[in-house]
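Student: Compute the structure for the input listed below.
(one chain, ligands or ions: 2)
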Amino acid sequence: MTEPSMLHVEEATKAFGGILALNRVSFDLRQGDILGIIGPNGSGKTTLVNCITGFVKMTSGHIFFKGHDITSKPAHKIADMGVTRTFQIMRPYYSLPAYKNLVIPLFSPRAKRTGGWRGGGKLGDRNTVGIDILEEIGFERDSFVPYKMASTLPTGYLKRLELARCLALRPEIIICDEVFSGLSMSEIASMVPLIERLQMDGITLIMIEHRLRELFRVANRVMVLNFGQKLVEGTPQEVMADEKVKEAYFGSEEVEEVMTYA
Ligand SMILES: Nc1ncnc2c1ncn2[C@@H]1O[C@H](COP(=O)(O)OP(=O)(O)O)[C@@H](O)[C@H]1O
Ligand SMILES: [Mg+2]
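Tutor: Ligands and ions are numbered 1, 2, ... in the order given. Model (predicted):
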């Protein structure tokens with residue numbers, strides 16, 4: 001029995017001048033999915049995220065969230081509906097302490113409406129809620145990490161902060177644009193259970209990743225982009241076994257590694 005579609009993407013197309021960054025990409029995201037999106041650099045992954053979340057205007061195509069057409073909606077409206085994203089190039093307020101970065105989303109209309117974070121009505125003191133969220137995703141409160149200036153935080157924490165900014169909105173969907181990149185193997189290993197917990201909390205996820213081994217562990221479906229087009233979609237096993245995928249990734253140690261591993 002298939003779950004209803006949370007996100008229905010129909011022929012998403014984006015041209016930058018003469019370059020077709022995204023060429024008629026269609027897919028469905030179902031409630032509870034962790035959909036992995038992989039593809040070589042420049043294959044259109046970030047452009048797809050930007051189109052879904054309203055950060056760029058599509059050239060043609062349609063996007064529906066729970067049956068509502070969100071195709072031409074501005075980014076803040078889409079986030080307000082619960083479709084959130086992290087940025088591949090992290091965008092914290094560097095001159096604020098980490099927890100203050102969350103005060104801004106915690107004052108958003110959506111946070112007010114949903115009771116924010118864990119829901120349940122009143123939000124209370126935003127500073128405390130911000131620190132609670134950060135602690136939940138691995139900022140050690142006892143070592144005062146939530147109070148540190150964002151500018152002084154290492155990449156691992158900044159990636160978590162990106163996720164925390166989504167969580168502050170009590171999202172239905174989080175689209176993670178390479179949250180593992182730039183992290184050490186042990187940092188990635190500690191992020192995997194976090195992603196699994198978000199899924200258990202009822203959040204539907206899209207994960208764009210280069211680290212195939214970890215991605216294939218958490219994703220239940222995988223879509224491969226190549227030159228702006230959908231190359232294949234299927235279970236991690238189906239995708240790994242696909243000759244077109246091996247070809248697109250030819251020579252990539254990562255694929256060799258994950259193929260052997262599987
Ligand atoms: N704002 C932009 N202006 C012009 N070209 C862009 C812009 N954003 C992306 N592109 C181009 O679109 C293609 C896809 O880029 P991107 O979506 O960032 O790929 P990926 O995230 O898969 O690495 C690339 O050729 C890139 O140079
Ligand atoms: Mg990208």
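
Student: Could you use CA atoms for every contact and neighbour count after this?
Tutor: Will do.

Student: Looking at this protein, which helix is longest?
Tutor: If you go by DSSP state H, the chain has its longest helix at helix 185-200.

Student: Send me stretch 132-143 as CSV with only the CA atoms.
Tutor: Only the C-alpha atoms of stretch 132-143 are listed here, as CSV (Å, rounded to 0.1, in the frame of the first residue of the first chain):
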residue,chain,number,x,y,z
ASP,A,132,16.8,22.7,23.8
ILE,A,133,16.7,22.2,20.1
LEU,A,134,20.5,22.5,19.8
GLU,A,135,21.0,20.1,22.7
GLU,A,136,18.7,17.6,21.0
ILE,A,137,20.8,17.6,17.9
GLY,A,138,24.2,17.4,19.6
PHE,A,139,25.3,20.7,20.9
GLU,A,140,26.6,19.8,24.4
ARG,A,141,24.8,22.2,26.8
ASP,A,142,27.2,21.3,29.6
SER,A,143,30.2,22.6,27.6
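
Student: just how off-centre is that stretch within its chain?
Tutor: The chain centre lies 20 Å from the centre of stretch 132-143; the measure is Cα atoms, centre = their mean, to the nearest Å.

Student: For the helix or strand just after the longest helix of the chain, which outside residues touch it?
Tutor: Downstream of helix 185-200, the next assigned helix or strand under DSSP states H and E is strand 204-208. Outside of strand 204-208, the residues within contact range by Cα atoms under 8 Å, 6 or more residues apart in numbering are 30-38, 45, 172-179, 199, 215, 219.

Student: circling back: list the buried residues of the longest helix of the chain.
Tutor: By 16 or more other Cα atoms under 10 Å, the buried positions in helix 185-200 come out as Ile188, Met191, Leu194, Ile195, Glu196, Leu198, Gln199.

Student: go on, stretch 150-162?
Tutor: Ala150, Leu153, Thr155, Gly156, Tyr157, Leu158, Lys159, Arg160, Leu161, Glu162.

Student: Let me see the confidence value for Gly18.
Tutor: At Gly18, the pLDDT value in this model is 91.

Student: What segments of this structure are helices?
Tutor: Under the criterion DSSP H, the chain contains helices at 45-52, 75-81, 100-106, 109-114, 126-136, 155-167, 185-200, 212-218, 236-241, 243-248, 253-261.

Student: Using a markdown table, lay out those together with mean pLDDT and distance to Asp69.
Tutor: Shown next, in a markdown table, are these (pLDDT from 0 to 100; distance: least, Cα to Cα, whole Å):
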| stretch | mean pLDDT | distance to Asp69 |
| --- | --- | --- |
| helix 45-52 | 98 | 11 |
| helix 75-81 | 97 | 10 |
| helix 100-106 | 92 | 24 |
| helix 109-114 | 90 | 19 |
| helix 126-136 | 92 | 31 |
| helix 155-167 | 95 | 21 |
| helix 185-200 | 92 | 25 |
| helix 212-218 | 90 | 29 |
| helix 236-241 | 92 | 29 |
| helix 243-248 | 83 | 32 |
| helix 253-261 | 53 | 37 |
